[in-house]
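> Need a 3D model of the sequence below.
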Amino acid sequence: MKLAVAARIARRELRGGLRGFYVFLACLALGVAAIAAVGSVRESIEAGLTREGAALLGGDAEMTLTYRFASDEERAWMEGVSEALSEVVDFRSMVAVRHDGETERGLTQVKAVDDAYPLYGQVALDPPMPLDRAIAGNGAVMERVLADRLGLEPGDSFRLGTADYTLSAVLLREPDGAGAGFGLGPRLILRKAALEPSGLLAPGTLYEVKYRLKLPPGHDIAALERAAESRFADRGVRWRDARNGAPGMTRFVDRMASFLVLVGLAGLAVGGVGVSAAVRAYIDGKTEVVAILKTLGAEGSTILAVYLMQIGALAGLGIAIGLGLGALLPLAAGPFLAAQLPVPAEFTVHAGPLAEAALYGVLTALLFTLWPLARTEEMRAAALFRDASGRVRAWPRLRYVAATLGLAAALIGTAAWFSGVPKLAFWAAAGILGALGLLVLAAAGLRRIARAAARARALD
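Next comes the predicted model:
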């Protein structure tokens, strides 16, 4: 019965419009929108990485050996479980070019490939040509940054090890570039057979050999991984597959997104100060209404429910606006972001990030509105009629203090859980709480200074 009465009063008061709540709505909507947008971009990139996992890896699965090639037994097993097999040798070396009697050198990450490379995707070259033609014979391709540094143009010669090669084209994009991991130098690609005269794969050379497998349709990648690890457990074989084709890029995206979400939470917390101030000002403006309701017999809990329902409805509106912005902004910026990103992305509406942002919004709204709303229970009708300012004690009842602390703990715990980096989340929360504490101390100091100045002026 009390809730029905409270709902009816709240509905009637909301007919007065949103005056005084524009700051409340803006703070809540912008904070939720920032978190939702960051989460949506992260989800879009992760969806693109999952979809293009095979192309980013260079195959459905990859088995890597260090400082050696596969034995006949290992190669026979890989050929037996796959439709196609590609062998790639990866190592670092120095490219040497002679100009006017002087030798210039540049560090490069060499990729020596076979005829089957690439199993997925296409290599983009300038001038455009098929890769097999560009690396035929002693031909090679390299990234533009290396070619420019050494002053090379297509058709020029350079030395790699003890052999000479010809630059056929500039490498613009390799399909498995994002999944290759960290490289100390720009990429150079040539045929593996052409690498033999260079002497670069002599004993003592640091190199890796990657065997990319194109698996038949309907394959069980998990079962194949278990079989490979069981068969080659003591041979130093490392396994990767298309389920996480670019683990380094995935980790980078996750960490960057987690950091940006924490930044968004900091903005939401700062906006929460505006939310709290707006609610406090609204409640102070309702002093006469609260006095009348209490005079008519309304209990403190009923009045609290009235304004909690009003603030809840407005918070829901602010969160809905934020979710709409957070869903639409990545869609609008999708074409531009897709052109700038080095990895594929699927920009669409993702429910997960929106639900996460909504949860943050609800917890923040409750955290910053419960304290000023709880003051309505402390207002007494007789005191209000005698003092229109409606002053009440600064601290609400203990149960509201406990609820506020519980909401703060829930918000911090949620951030730690969803971010995946709890230590960073806890330190970020400590920094936010410290900043808010400094703001409270600064406000208290300013009030004291203002009172002292007023007294001094009155004495004059």
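> rest of the way, CA atoms for contacts and neighbours
Will do.
> burial count for residue 415?
24 (other C-alpha atoms under 10 Å).
> That one against residue 262, yeah?
Yes - here residue 415 reaches residue 262: they are 7.4 Å apart, a contact under C-alpha atoms under 8 Å.
> Spell out which residues are contacts of both of these two.
Common contacts of residue 415 and residue 262 (C-alpha atoms under 8 Å, 6 or more residues apart in numbering): residue 425.
> could you pull out the strands for the stretch 201-350 of the chain?
Secondary structure of the stretch 201-350 of the chain (DSSP state E, counting those that start in this stretch): strands located at 207-214, 238-241.
> roughly how far is the first one from the heart of the chain?
Right, strand 207-214. For strand 207-214, the separation from the chain centroid amounts to 30 Å (computed by C-alpha atoms, centre = their mean, to the nearest Å).
> neighbouring contacts of it?
Residues contacting strand 207-214 (C-alpha under 8 Å, 6+ apart): 58-69, 78, 82-92, 119, 201.
> From these, which land in helices?
Among the contacts of strand 207-214, DSSP state H puts residue 78 in helices.
> Just name the most buried of the strands of the stretch 201-350 of the chain.
Comparing the strands of the stretch 201-350 of the chain by mean neighbour count (mean count of other C-alpha atoms under 10 Å), strand 207-214 comes out on top with a mean of 22.
> partners of that strand, with directions?
If you go by DSSP bridges, strand 207-214 pairs up with strand 61-66 (antiparallel), strand 84-99 (antiparallel).
> Which residue ranges of the stretch 151-300 of the chain form helices?
For the stretch 151-300 of the chain, helices defined by DSSP state H, counting those that start in this stretch occupy the ranges 192-195, 221-231, 247-285, 287-295, 300-340.
> With mean neighbour count, mean pLDDT and distance to residue 143 as added columns, please give these in JSON lines.
Shown next, in JSON lines, are those (neighbours: other C-alpha atoms under 10 Å; pLDDT from 0 to 100; distance: least, C-alpha to C-alpha, whole Å):
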{"stretch": "helix 192-195", "mean neighbour count": "18", "mean pLDDT": "89", "distance to residue 143": "18"}
{"stretch": "helix 221-231", "mean neighbour count": "13", "mean pLDDT": "86", "distance to residue 143": "33"}
{"stretch": "helix 247-285", "mean neighbour count": "19", "mean pLDDT": "74", "distance to residue 143": "20"}
{"stretch": "helix 287-295", "mean neighbour count": "17", "mean pLDDT": "70", "distance to residue 143": "71"}
{"stretch": "helix 300-340", "mean neighbour count": "19", "mean pLDDT": "83", "distance to residue 143": "18"}
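> which one of the ones you listed lies closest to residue 408?
Proximity to residue 408 (C-alpha to C-alpha) singles out helix 247-285 among the helices of the stretch 151-300 of the chain, at 10.5 Å.
> Report the angle between that closest one and helix 300-340.
Going by axes from the mean of the first three to the mean of the last three C-alpha atoms, to 10 degrees, helix 247-285 is angled at 150 degrees with respect to helix 300-340.
> now residue 338: how far from residue 49?
12 Å (C-alpha to C-alpha, to the nearest Å).
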